[in-house]
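Asker: coordinates for the following, if possible.
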Amino acid sequence: MKTPSSKKARAAVLTAALLVAVASPMTATAAATAGHPAARHHYGADELRQDLAAVRQAGGGDVNVLARVDGTRGAPLMARIGTRTIDSPEPIPWNAHFRVASTTKTFTATVVLQLVAEKRLSLDDTVEHWLPGVVAGSGNDGSRITVRDLLRQTSGLYDYIDDPEIQDRLINHFDENRYDTTPAADLVAVAMRHRPVFVPEPGGGTRWAYSNTNYLLAGMIAEKAGGASWAELVERRVIARLGLRDTSIPGLDPHLPDPHVNAYLTDADGRRLDVTDHSLQHTADSGVVSTTADLNTFFRALAGGRLLAAEQWREMRRTVERTDDPEDVAEMPEGTYGLGLRRIPLSCGGFYYTHEGDGAGVNTRPAVSADGRRAVTVSITTTTAPPDLAALNRATGALVDHVLCDRPAKGR
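Answerer: Numbers count the residues shown, from 1 in each chain. Here you go, the predicted structure:
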């Protein structure tokens, strides 16, 4: 899910159009635990601190930023800039919890692919097969959309977050709707009131358009095939399996675990609004809460082949070009899209995998090398307006490129 200013992210919320910038005092801190990585690599604590400062600047200069790099020699690299709340001098906790928003899609896709490996469903199954009559009306046809289409965003379905009534509630009436409990099926029904961007054509070219609706449906199908809620499936098959003690799916509970950083936006009347507590992101497109350390562990395990069988991992990495979503391309001009996973080229050759997440006052940028050996996650929390996503993606992309193109210093 993402902020309303972004089609992919609108899901997350809400407030883009609302906002005005307000300056706020911040403290800056950076650390490389025990000093190990800096002694062995070109990229160390100073470089991470500089890159994180550039991310903060790209975010408008008043965002909180936290980053962690795992897979270096020695202890992980960490850096932070900002405070836990707007009126506190306490720095961002190193293990701060945050809503990962659309990064949830990679968790959901992983569970679906595990079910595929167990022959409980097929990527070629249609939506109509699993959810009869759910995708219908206004030109929508679930018999022409496969599970694969849902996971790789090639269904053409309307993004429910773009619905004008939902946009109005999120942007103009956030406070009244922050404890929203609308189930996934009802949100899909909202999307069905709109014509699709396109309908997949058998044997035709692959068209692509990002839609959070796809992952609501993927979660609903996983529940039928897996015999449990999508949250229970992710908790059992991913979170517990990897021992991710700081990752959870709060569902309708609006509170973040401690410690966390408060997120703020500014409403149309110029008032600063604390948006930390809400239940808007409770579905399979956006409902996971995690930390930088746990996200690095998850993505390293995924890329390292510890969560999926070889065939399903190949399927996840089989990407398509993005064709029908100019806003997505403008915000993230490079890369292709697989099954809940983006593939982005590196300046040093090769590529990395990621899935960004943009929600109410939060932006998550994880990345993992193709071999799973090194991962970095950047967490951004707003204090006023949401950042310009194109600028933010350039800055976080540069940081990721520097981290993953790093090589051990000669003679060390």
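
Asker: can you map out the strands along the stretch 201-350 of the chain?
Answerer: For the stretch 201-350 of the chain, applying DSSP state E, counting those that start in this stretch gives strands covering 264-266, 272-274, 289-290, 336-337, 342-345.

Asker: and the second one, what other elements does it pack with?
Answerer: Translated: strand 272-274. Packing contacts for strand 272-274, counted by 3 or more CB pairs under 8 Å, 6 or more residues apart in numbering; DSSP states H and E, involve strand 264-266. For every residue, glycine as well, the C-beta is placed using N, CA and C.

Asker: sheet partners, orientation included, of the strand it packs on?
Answerer: Under the criterion DSSP bridges, strand 264-266 sits next to strand 272-274 (antiparallel) in its sheet.

Asker: pick the most deeply packed of the strands of the stretch 201-350 of the chain.
Answerer: Burial of these is given as mean neighbour count (mean count of other CB atoms under 10 Å); strand 289-290 ranks first at a mean of 24.

Asker: who does that strand touch, helix- and strand-wise?
Answerer: With contacts defined as 3+ CB pairs under 8 Å, 6+ apart, strand 289-290 has these neighbours: strand 98-99.

Asker: format the strands of the stretch 201-350 of the chain as CSV; extra columns: distance to Ser211 and mean pLDDT.
Answerer: What follows is these, written out as CSV (distance: least, CB to CB, whole Å; pLDDT from 0 to 100):
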stretch, distance to Ser211, mean pLDDT
strand 264-266, 24, 93
strand 272-274, 28, 95
strand 289-290, 23, 98
strand 336-337, 12, 98
strand 342-345, 15, 98
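
Asker: distance to Asp46 added to those, as TSV?
Answerer: Output for those, formatted as TSV (distance: least, CB to CB, whole Å):
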stretch	distance to Asp46
strand 264-266	30
strand 272-274	33
strand 289-290	27
strand 336-337	33
strand 342-345	25
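
Asker: and of those, who's closest to Arg178?
Answerer: Ranking the strands of the stretch 201-350 of the chain by their distance to Arg178 (criterion: CB to CB) puts strand 272-274 first, at 9.4 Å.

Asker: show me the helices in the stretch 1-150 of the chain, by range?
Answerer: Using DSSP state H, counting those that start in this stretch, the helices found in the stretch 1-150 of the chain span residues 36-40, 45-58, 104-117, 127-130, 147-152.

Asker: for the shortest one, name the packing helices and strands.
Answerer: So the one you mean is helix 127-130. Contact partners of helix 127-130 among helices and strands, from 3+ CB pairs under 8 Å, 6+ apart: helix 147-152, helix 213-226.

Asker: hmm, who's touching the longest one?
Answerer: Which is helix 213-226. 104-105, 108-109, 111-112, 115, 120-121, 125, 127, 130-131, 134-135, 147, 149-151, 153, 155, 157-160, 184-185, 187-188, 191, 229-230, 233, 283-285, 340 (CB atoms under 8 Å, 6 or more residues apart in numbering).

Asker: hmm, back to that, of the helices and strands packed on helix 127-130, which is nearest Met332?
Answerer: Across these, closest to Met332 is helix 147-152 (CB to CB), at 15.6 Å.

Asker: could you export the closest one as PDB, keeping only the C-alpha atoms?
Answerer: Output of helix 147-152 as PDB, limited to C-alpha atoms (Å, rounded to 0.1, in the frame of the first residue of the first chain):
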ATOM      1  CA  VAL A 147      -3.500 -16.500  -9.500                       C
ATOM      2  CA  ARG A 148      -0.300 -15.700 -11.300                       C
ATOM      3  CA  ASP A 149      -1.900 -12.500 -12.700                       C
ATOM      4  CA  LEU A 150      -2.800 -11.500  -9.200                       C
ATOM      5  CA  LEU A 151       0.700 -11.900  -7.800                       C
ATOM      6  CA  ARG A 152       2.500 -10.200 -10.700                       C
END
